[in-house]
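In: Pasting the sequence and the predicted model now:
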Amino acid sequence: MAYQRPVRLCCGILATGLALAGCSGAGDGENAKPTATEKATASSGTGATSAPAPTPSSTGLDFHPDPDRAPKTRAEAARMARAIAAAPVNWGPGFVKRNPYESDPGYWPVLDADCVWQRAPLPSTVLATLTRYSELPAKDSKGPIRLAAVVTVHRTVKDAEWEMAETLEEGLRCPDQQLRQGERITGLLSQGSDFGLLGNFSSEDTLTEGGQYFSDELGGPYYYYWIQSRLGQITVAVAGRGAKGRSGPEVDAALQQGVGQMLGQTESELEGPE
């Protein structure tokens, strides 16, 4: 089992709405990650490409990536993404896999000009991305809590920083978004914070986004929240949607647990065992 470092994730982050944490301007897991596609040439090549050596964080965060552990090929990045992405057990008791469970690692979501999420080939700035879908099944007249975990391994730290910046812009451009057929989110509000600001003591920078979720299947409006954080060249994100009988704090508790696990595993992967 990989060593897990404790992550200093403020317990009050998610419970205070958009107060802090980290999130993004995307939809759920399948449509969960704004991209730098408009600034990069789309590419799904699989050849080995050297990545610049990561450097210690300049933010004050106690994070010191080992250059020898930085992924240099798509295969290495895909392995790392799978090691980091939260599985059902990481969200809390009772969560199970959804079907499909994992996204195609050769594609990622892109928010088009009409604020509709589409799938597109990975840009040249990204080595790998992976989304996993989990849920707490409906029970006792309560609907399901559906969650997604997204990991994106960029070629460089600068590429990851661009993604974070563009993610924040997506929420401003499209406060109402269509996730897929029959699902949409509205009234999105986004906020970003660097390390040490607004309670962010677990990542170099983080984004949060909240709004209301509507579904042809489940109805609505229901609670919706998204968190995205960056450590080095890797971004991790979690998205949660409530349902009938499910409160915001229930969704928040699972998101907090999932993102904490993913940030801890990201540190372990990039720094190596102590």
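Out: Thanks, I have it.
In: Secondary structure element holding the residue nearest to D176 when sequence neighbours are not counted?
Out: Nearest non-adjacent residue to D176, counting by C-beta to C-beta, 6 or more residues apart in numbering: T186, 4.6 Å away. From N, CA and C alone the C-beta is placed, and that goes for glycine too. Element membership for T186, per DSSP states H and E: strand 183-194.
In: So which elements touch that strand?
Out: Using 3 or more C-beta pairs under 8 Å, 6 or more residues apart in numbering; DSSP states H and E, the elements in contact with strand 183-194 are helix 157-173, strand 177-180, strand 205-215.
In: mind running it again at 10 Å?
Out: helix 157-173, strand 177-180, strand 205-215, strand 219-231, strand 234-241 (3 or more C-beta pairs under 10 Å, 6 or more residues apart in numbering; DSSP states H and E).
In: Point out where the stretch 151-274 of the chain drops to low pLDDT.
Out: Where the stretch 151-274 of the chain drops to pLDDT under 70, the residues are 193-201, 272-274.
In: now the angle between helix 157-173 and the strand holding T186, please.
Out: 130 degrees (axes from the mean of the first three to the mean of the last three C-alpha atoms, to 10 degrees).
In: buried ones in strand 183-194?
Out: Neighbour counts over strand 183-194 (16 or more other C-beta atoms under 10 Å) mark 183-185, 188, 190-193 as buried.
In: Which parts of this structure are strands?
Out: In the chain, the strands defined using DSSP state E lie at 96-102, 107-111, 117-121, 126-136, 145-154, 177-180, 183-194, 205-215, 219-231, 234-241.
In: Output the ones you listed in TSV; the columns should cover distance to P71.
Out: Below are the strands of the chain laid out as TSV (distance: least, C-beta to C-beta, whole Å):
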stretch	distance to P71
strand 96-102	18
strand 107-111	16
strand 117-121	19
strand 126-136	6
strand 145-154	6
strand 177-180	29
strand 183-194	25
strand 205-215	21
strand 219-231	13
strand 234-241	9
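In: ok, back up a step: just curious, which of the buried residues of strand 183-194 is nearest to R119?
Out: Proximity of the buried residues of strand 183-194 to R119 (C-beta to C-beta) peaks at E183, which lies at 14.8 Å.
In: isn't that closest one right up against A239?
Out: No. Counting by C-beta atoms under 10 Å, E183 does not reach A239; the two are 11.8 Å apart.
In: quick one: contacts for P71?
Out: 51, 77-81, 127-128, 153-155, 233-234, 269-270 (C-beta atoms under 10 Å, 6 or more residues apart in numbering).
In: now for this structure, which residue lies nearest the mean position of the chain?
Out: Centroid-nearest residue in the chain: A237, 1.2 Å away (criterion: C-alpha atoms, centre = their mean).
In: measure that one to A85 for me?
Out: 10 Å (C-beta to C-beta, to the nearest Å).
In: still on that earlier bit, out of the helices and strands packed on strand 183-194, which is the most enclosed?
Out: Mean neighbour count (mean count of other C-beta atoms under 10 Å) peaks for strand 234-241 among the helices and strands packed on strand 183-194, with a mean of 30.
In: Off-centre distance for that strand?
Out: 2 Å (C-alpha atoms, centre = their mean, to the nearest Å).
In: before we move on, back to that, now rank the contacts of P71 by neighbours and give me the top one.
Out: I234 (31 neighbours; other C-beta atoms under 10 Å).
In: my guess is that one meets T152, correct?
Out: Yes. Contact criterion C-beta under 10 Å: I234 and T152 qualify, at 7.0 Å.
In: shared neighbours, those two?
Out: In contact with both I234 and T152: 77, 81, 84, 127-128, 160, using C-beta under 10 Å, 6+ apart.
In: Now tabulate those in CSV and tack on distance to R246.
Out: CSV is the format used below for those (distance: C-beta to C-beta, whole Å):
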residue, distance to R246
A77, 34
A81, 28
I84, 26
L127, 36
A128, 32
A160, 32
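In: and the spatially closest residue to G211 that is not a sequence neighbour, how far is that from D176?
Out: Spatial nearest neighbour of G211, excluding adjacent residues (C-beta to C-beta, 6+ apart): L188 at 4.0 Å. Shown here: L188 relative to D176, a distance of 7 Å by C-beta to C-beta.
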